[in-house]
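[1] what's the 3D shape of this:
(chains A and B)
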Amino acid sequence: MPTLKKAENPFYFSTRLILRELTGRRARNIKELLKGIKTVPGSVIYNHTHQFLQQHIYLSPEPPNDFAYWVREFLGDDTLGERLNSIDTCDYVTIRDLRNAIIKTIRDYLALKKTPFRNAPKGTEFNFIKAYSFVLPTPYVAYDLKEFLEGIKKISVYSIYFHMFEAKLRLERGTNDFSFWLGTSLNEPELADKIAGLDPYTYTLEDLREKLIKLIEKYL
Amino acid sequence: MEKRIEDYIPIVGRDNIDELRLIAEKLKGKTIQNINSTAVGGGVAEILSRIVPLLNNLGVVTKWDVIKGGTDFFQVTKKIHNALHGKRENITRNNIKTFFETTKANIKELRLYGDIIFVHDPQPIALIQEKKSHPGAKWIWRCHVDVSQPITGVWRFLKKFIERYDATVFSAPSFAQKLKLRQFMICPSIDPLSEKNREITRVEILSVLKKYGLPHNKPLVTQVSRFDRLKDPLGVIDAFKLVQKRVDCHLVLAGSHAADDPESSEVLAEVRERVKDDSNIHILLVDPETNDFDINGLQRGSSVIVQKSIREGFALTVTEALWKARPVVASAVGGIPLQIAHKYSGLLCHSVEGAAMQIKQFLNNPDYAAKLGANGKEHVKQNFLLSRHLRDYMLLFLALYSTKDIVYL
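    Numbers count the residues shown, from 1 in each chain, chains lettered A, B, ... in the order given. Purely as a prediction, here's the structure:
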């Protein structure tokens, strides 16, 4: 059996937990939604483009962002809902860019829209909520691929979420933590690329864990 | 028997419980002092009685003190409670005097020792006047009440106290207010090991149906709620009558009846009048002695659960039904849209006709109903069980010591 490559710098698994902070700001229609999206802090945009994914981690692949869901279900605007839903979050490495893409999608749509704005039914207004993140270390550490695989199996889905989503987008690291470590510390560039090439937004978090396990096992 | 945190591992997984332990470590050395107005009865006491022992079990020193007050004080706080729900109340100068005198007496008697003083609901809210005498302590006001449409004068009265706290907590986004302090959202939770929510056998379910004379071979459409206009029992009956034209099924309206509540008696009479002699509609006054077990059996024995409320707090009856993997049709009010993502984990409705349509959808499409029911259960597992509540409370305590968007612990 070949000896496993050992990394000089190990991979420390962390986890990320969220507490939600209310802003008290609401939108009744698309114009108010757009105004809110332009002005709220980045942590609010992050929350609404990722909350669905975190709260509905069991759902089979259709994780729309909160804006798309609200526009479709409560304003009854399927066209705009679909456009917002198809914004590919993977294409953006900063919240700023993602926010601009959402603003542009709504603006372009409004420029063509001839019908009056519809208000959401009372009680179903869009509430802007901020994600307040806590990052804390777990006891799991990996020096080689086998330990890395064990870690992936044991950590919570929130930890997978942190390393695959949060690190990349909100912390503006460009790639996910797993790929970064595999490529730079363990000299496994092919596996790193394969993980980086996944569209994590189209898997449930448990399915994503399974996908990672299968990919890593091929290199053991 | 008092539950231990390990008891929840088979339900939420070891990874989740391990994370709770990691967070608890960060609170070492801090004492949490909960203060509310009653040790038994009511939702706040119930949740504290579950949460306090489990936090201690996790190693977070957590205490619970109760303020004292006479009947006159609780009459005033009941008026305040109603006004927060949007009901006009005549709050007199004497009422205010009683409120302050009782607060003063409690300040004298109650020892404030917590590093974090966690005050629940309006009754003890004015204890914050003692903040200066306890430098270094952090104060949180936890509002368990639906304050989406409060009576302005009463809200203004409370706001003067609220804004002296370090943070406040509401149960749903629609309850958020314009305030000069941080407002966190922490949803309530259910205990999956409680009598109302634990797994029960098919035999036990059938025994409950038999006890109340319900058929076991016909689909049951059930709403569990007290007989209150805000729960719209008449609307549920009207929706059921539309369903009944197309599907052979029975309706169950199950609730408790407080004999000393004149409105409850009135509503019950109206409901009976609307039902007339329809033998497919069952009005159940649930046996208070076995209430939790019976509700468990009724919910699990139903094909569709309805919550067609006009207004709601968080609506824990919906949480309970979803936890039992039941397909739920509910109004998009209060905390319900947080629990039901329309067409993913249940169906939302906005009218009698809409409710009828959604009920028929479920009854005629058992696979669809089962899929949404399974999603609903998973949604509750991830977001509305006691373990998530513990996690949020511990994060809230930690949040008091930082203002950054990302906190590295």
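[2] ok, B:Met394 to B:Ile9 distance?
    For B:Met394, the distance to B:Ile9 equals 18 Å [CB to CB, to the nearest Å]. Quick note: C-beta positions are derived from backbone N, CA and C, even for glycine.
[3] In terms of pLDDT, where does B:Lys78 sit?
    In this prediction, B:Lys78 carries a pLDDT score of 89.
[4] Run a quick neighbour tally on it.
    Counted with other CB atoms under 10 Å in any protein chain shown, residues neighbouring B:Lys78 total 12.
[5] Phi and psi next, for it.
    phi -70, psi -40 (degrees, to the nearest 10).
[6] thinking again about what came up before, look at B:Met394 and B:Ile9 and report which has more neighbours.
    In terms of neighbours (other CB under 10 Å), B:Met394 is the more surrounded of B:Met394 and B:Ile9; the figures are 23 against 15.
[7] Quick check: phi and psi at B:Lys180.
    According to degrees, to the nearest 10, the main-chain angles of B:Lys180 amount to phi -90, psi 30.
[8] quick one: contacts for the residue nearest to it when sequence neighbours are not counted?
    Here the nearest residue to B:Lys180 in space, its sequence neighbours aside, is B:Glu163; by CB to CB, 6 or more residues apart in numbering or on different chains that works out to 5.2 Å. With contacts defined as CB atoms under 8 Å, 6 or more residues apart in numbering or on different chains, the neighbours of B:Glu163 are B:Leu179, B:Lys180, B:Leu181.
[9] Tell me the one of the residues you listed nearest chain A?
    Distance ranking of the contacts of B:Glu163 against chain A, using CB to the nearest CB, places B:Leu179 first at 6.9 Å.
[10] can you list the residues of the stretch 251-400 of chain B near chain A?
    B:332-334, B:337, B:341-345, B:348, B:350, B:375, B:378-379, B:381-383, B:391-392, B:395-396, B:398-399 (CB under 8 Å from any CB of the partner chain).
[11] Sort out which of the residues you listed are buried, if you could.
    Burial by neighbour count, 16 or more other CB atoms under 10 Å in any protein chain shown: within these this picks out B:332-334, B:337, B:341-342, B:344-345, B:348, B:375, B:378-379, B:381-383, B:391-392, B:395-396, B:398-399.
[12] Let me know the pLDDT of the residue nearest to B:Lys180.
    Value listed for B:Glu163 in the pLDDT field: 97.
[13] where's it relative to chain A, distance?
    Computed as CB to the nearest CB, to the nearest Å, the B:Glu163 to chain A distance reads 13 Å.
[14] Against B:Arg182, how distant is that residue?
    As for B:Glu163, its distance to B:Arg182 is 11 Å (criterion: CB to CB).
[15] Have a look at chain A and report the helix or strand with the lowest mean pLDDT.
    Of all the helices and strands that make up chain A, helix A:167-169 has the lowest average by mean pLDDT, DSSP states H and E, namely a mean of 73.
[16] next helix or strand past it?
    helix A:177-184 (DSSP states H and E).
[17] Would you map out the domains in chain A?
    Per the record's domain assignment (automatic domain parsing), chain A is made up of the domains A:17-129, A:143-217.
[18] Strands of chain B, residue ranges please.
    Chain-ordered strands for chain B, with DSSP state E as the definition, fall at B:31-36, B:61-66, B:116-120, B:138-142, B:167-170, B:182-185, B:220-224, B:250-255, B:281-285, B:304-307, B:328-331, B:347-349, B:406-408.
[19] which residues touch the fifth one?
    Strand B:167-170 is contacted from outside by A:22, B:138, B:140-143, B:147, B:162, B:176-177, B:179, B:181-186, B:396, B:399-400, using CB under 8 Å, 6+ apart.
[20] Show me the helices in chain A, by range?
    With DSSP state H as the criterion, chain A has helices at A:30-39, A:42-55, A:66-73, A:78-85, A:95-112, A:145-154, A:157-161, A:167-169, A:177-184, A:189-196, A:205-217.
[21] Which of those sits closest to B:Val60?
    Of all the helices of chain A, it is helix A:157-161 that lies closest to B:Val60, at 19.7 Å by CB to CB.
[22] mind listing what's buried in that closest one?
    Of the residues in helix A:157-161, those buried under the neighbour-count criterion (16+ other CB under 10 Å) are A:Val157, A:Tyr158, A:Ser159, A:Ile160, A:Tyr161.
[23] The fourth one contacts A:Lys211, correct?
    No. Proximity of A:Ile160 to A:Lys211 does not meet the contact threshold set by CB atoms under 8 Å, at 10.4 Å.
[24] okay, now the domains of chain B?
    B:5-189+B:385-399, B:202-383.
[25] Report the separation between the two terminal residues of the shortest one.
    Chord length of domain B:202-383, first to last residue, is 27 Å (CA to CA, to the nearest Å).
[26] That one - what's its average pLDDT?
    For domain B:202-383, the per-residue pLDDT averages 93.
[27] A:Arg173: neighbouring residues, count only.
    Counted by other CB under 10 Å, the residues lying close to A:Arg173 total 14.
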